[in-house]
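>>> need the 3D shape of this:
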Amino acid sequence: MEIRVYYEDTDCGGVVYYANYLKYFERARTEFLRDRGQFLTDYMEKGIEFIVVRAEVDYRSPARYNDVLDITTTVSEIARASFIMEYTVLRKEDGRLLASGMTRLACINKNGKPVRIPDSMLKILSN
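Sure thing, here's the model as predicted:
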């Protein structure tokens, strides 16, 4: 997935504000699922949500205004009620690694209790 860095993404030093990488991960995760025909709103209508319970980011090199970032998303672990997605952020122009990270998502019901990941989502995550 590609994301262009806008002025609003940067801090006073002209580099991408550190917390924005979590927003980029969110977008990449959403597009990863969308590309595979999975829409979180479909699960929400059934009373199932996926919430981030852990996030990590390793910053390697700064992204700057107008850079185009290429974000790769992979699933690295699947458990009964949670899964881990990993992200790699490269600058498209030169392929430089800018950041990497992960999020663990838990599957919960409308009461906030952990539940098994639905088979339809497991199928997508396993491929």
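>>> pull out the buried positions in the helix or strand hosting Ala28.
Using DSSP states H and E, Ala28 sits within helix 20-35. Across helix 20-35, burial judged by 16 or more other CB atoms under 10 Å covers Asn20, Tyr21, Leu22, Tyr24, Phe25, Ala28, Arg29, Phe32, Leu33. Heads up, the C-betas are built off the backbone N, CA and C, glycines and all.
>>> check stretch 33-49 too.
Going by neighbour count (16+ other CB under 10 Å), the buried part of stretch 33-49 is Leu33, Gln38, Tyr43, Ile48, Glu49.
>>> next one: stretch 64-71
Buried residues in stretch 64-71, counting neighbours by 16+ other CB under 10 Å, are found at Asp67, Leu69, Asp70, Ile71.
>>> hmm, who's touching it?
With CB atoms under 8 Å, 6 or more residues apart in numbering as the test, stretch 64-71 has contacts from 1-7, 9-10, 14-16, 24-25, 27-28, 63, 87-93, 98.
>>> now, those residues that are in strands?
Among those, the members falling in strands (DSSP state E) are Glu2, Ile3, Arg4, Tyr87, Thr88, Val89, Leu90, Arg91, Leu98.
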